[in-house]
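Asks: sequence and predicted structure, then a few things I'm wondering about:
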Amino acid sequence: MSRYTDFAPTRGFTGRARAADRDPRLPPGQYDARDGWPVLSAEVTPQLTAADWTFRVDGLVTTPHTWTWDEAHALPASEYRGDIHCVTSWSKFGVRFGGVSLDAFLAAAGPLPGATHVVAYSHTGYTTNLPLADVTGGKAWIVWEYEEGPLPAEHGGPARLIVPHLYFWKSAKWVAGLRLLDHDEPGFWEQNGYHHRGDPWAEERYSGD
Amino acid sequence: MTDALPTSEGFVPPSRFAVPGRIAVSNRAAATWQRATVLEIRAETPAVSTFRLKVPEWQGHLPGQHLMLRLTAEDGYVAQRHYSIASAPDGSGEIELTLDHVPGGEVSGHLHTVARVGDTVEVRGPLSGFFAWPGDRPALLLGAGSGVVPLMSMVRHHRAAGLDLPLRLVVSARTRQDLIYAAEYAEETTAVLTRTEGRLNAAHLAPFLGADGQPEGGWEAYVCGSNGFAEHASRLLVAGGQPVDRIRIERFG
């Protein structure tokens, strides 16, 4: 949590949503974006087709491997239904993403015992760091469907990583691969002042939170 | 193992698109809430006002950075939003934010309709080193609506610091009446009034792109506005030859 010492009510501020009827799905400091799905990429949206898309797992693994679009789709289908939370303070409830569990890719590559962290990177060059434990055990997916259609390009299509229990900047758009490391290595936003882990329920927004 | 282990320099993804941050961010400033006092509220357009805040512990910022502003109700309920800083860094311990009055907006609605001089709010920041412009490279700035706010901080800094490196601002608004900071623009600015002349297009950017329009070393391009504007403007830049790794985008989600 952020450090602050005194409670400072703002004159006349009552808030649109009262604390008492706050949706329990909403982490602290977040609001419900309802039908909206803001786009917050810092880079130009790439013109990346499914035929151009590949996904690689390498680094501290026994078998580095690159999947094409068709090879990735041949893995067992998996989906996430639930909520997502952006550090810029919006949350979105009850969304569906379809794709493949990251566990399926990692099982094929075989993480070595020394692997503790990953850097997820995008076809744009975007990077973000994650503890390996945050992307294994059914907690992360590579997805190409949003609701019942293809994932839109501005939201990371043709395919993105989703790690829904962390702030959404961890869910790298246009994901290109995952490198397994024996140490933590800050990615793009983490180098720009954001928290290394990003748990919405602990409000791990900025470095130092 | 067929792959080389990661080096101590860190992993660099195999892509030409990667855009590095411009500055390191102070962890302490980013993590600490500070009380700020409203010193002045002035209307910029019918729907947009500027709020001047006294932040006694403000550590300074660079043009393009933003902060998080928090309002707290008597019962402890809080609402917080990110806002770009509009003012140039001047060491005064005062900063300005320029806010759209978003219909139904919980925070902007309060600030526009309830807040008055002397009220306090809380802020933390400055945040993010990515969209910052230290004033070290020629800058081509494209903004629409309140997306011009962080860009105006750059223009004001350019003037206040007496910088002579090239800086150009292309700002898009529906009408003259909707143009934020209209009275402050000078020859560095091209205003595109979309209701009368249509959407920003390649011809508006042509004078700044290509061999003739480029300053030595090329532009660092900064794009700020709605996602629709950011998508459109960044594609125009790429089509005009601006390298993708020299385009920084801030989208107002």
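Replies: Perfect, I can see it now. Numbering: from 1, shown residues only, chains lettered A, B, ... in the order given.
Asks: find the nearest non-adjacent residue to the residue nearest the centre of chain B, please.
Replies: Compute the mean C-alpha point of chain B, and by C-alpha atoms, centre = their mean the closest residue is B:P150, 2.3 Å away. Distances taken as C-beta to C-beta, 6 or more residues apart in numbering or on different chains place B:S84 nearest to B:P150, at 3.9 Å, with adjacent residues excluded. Using the backbone N, CA and C atoms, a C-beta is placed for each residue, glycine as well.
Asks: surely that neighbour touches B:M154?
Replies: No - B:S84 is not in contact with B:M154 according to C-beta atoms under 8 Å; the separation is 10.7 Å.
Asks: and for these two, which residues touch both?
Replies: Counting by C-beta atoms under 8 Å, 6 or more residues apart in numbering or on different chains, the shared contacts of B:S84 and B:M154 are B:G64.
Asks: and the residue nearest to the spatial centre of chain A, how far is that from chain B?
Replies: What sits nearest the mean C-alpha location of chain A, by C-alpha atoms, centre = their mean, is A:S171, with 1.8 Å. In this view, A:S171 and chain B are 15 Å apart by C-beta to the nearest C-beta, to the nearest Å.
Asks: neighbouring strands - and their directions - for whichever strand or helix holds the residue nearest to B:P150?
Replies: Applying DSSP states H and E as the criterion places B:S84 in strand B:78-84. Strand B:78-84 has its sheet partners listed here by DSSP bridges as strand B:66-72 (antiparallel).
Asks: so where is the stretch 1-150 of chain B shaky, pLDDT-wise?
Replies: The stretch 1-150 of chain B contains residues with pLDDT under 70 at B:1-9, B:16-18.
Asks: quick check: residues of the stretch 151-253 of chain B near chain A?
Replies: Applying C-beta under 8 Å from any C-beta of the partner chain, one finds that the stretch 151-253 of chain B approaches chain A through B:227, B:230-231, B:234-235, B:237-238, B:244-245, B:247-251, B:253.
Asks: one more time with 6 Å, if that's ok
Replies: Taking C-beta under 6 Å from any C-beta of the partner chain, the part of the stretch 151-253 of chain B that reaches chain A is made up of B:N227, B:S234, B:V244, B:I247, B:I249, B:R251, B:G253.
Asks: ranking by neighbours, what's the top pick from those residues?
Replies: When neighbours are counted by other C-beta atoms under 10 Å in any protein chain shown, B:I249 leads these with 27 neighbours.
Asks: need the contact partners of whatever helix or strand that one lives in.
Replies: Per DSSP H and E, B:I249 falls inside strand B:247-251. The contact list for strand B:247-251 (C-beta atoms under 6 Å, 6 or more residues apart in numbering or on different chains) reads A:39-40, A:42, A:44, B:131, B:221-224, B:227, B:230, B:234, B:237.
Asks: swap in stretch B:127-134?
Replies: A:42, A:192-193, B:21-23, B:25, B:30, B:62-67, B:139, B:154, B:248, B:250.
Asks: what ranges do the strands span in chain A?
Replies: Ranges of strands within chain A are A:31-32, A:54-59, A:65-68, A:78-85, A:90-101, A:117-122, A:127-131, A:141-146, A:149-150, A:160-162, A:175-181, based on DSSP state E.
Asks: typo on my end, it should be chain B
Replies: Going by DSSP E, chain B shows strands at B:34-45, B:48-54, B:66-72, B:78-84, B:94-100, B:120-127, B:139-144, B:167-173, B:189-193, B:220-225, B:247-251.
Asks: sorry, back to before: distance to B:D164 added to the contacts of strand B:247-251, as JSON lines?
Replies: Formatted as JSON lines, those follow (distance: C-beta to C-beta, whole Å):
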{"residue": "A:V39", "distance to B:D164": "36"}
{"residue": "A:L40", "distance to B:D164": "34"}
{"residue": "A:A42", "distance to B:D164": "29"}
{"residue": "A:V44", "distance to B:D164": "29"}
{"residue": "B:F131", "distance to B:D164": "23"}
{"residue": "B:A221", "distance to B:D164": "20"}
{"residue": "B:Y222", "distance to B:D164": "19"}
{"residue": "B:V223", "distance to B:D164": "24"}
{"residue": "B:C224", "distance to B:D164": "24"}
{"residue": "B:N227", "distance to B:D164": "34"}
{"residue": "B:A230", "distance to B:D164": "29"}
{"residue": "B:S234", "distance to B:D164": "28"}
{"residue": "B:L237", "distance to B:D164": "24"}
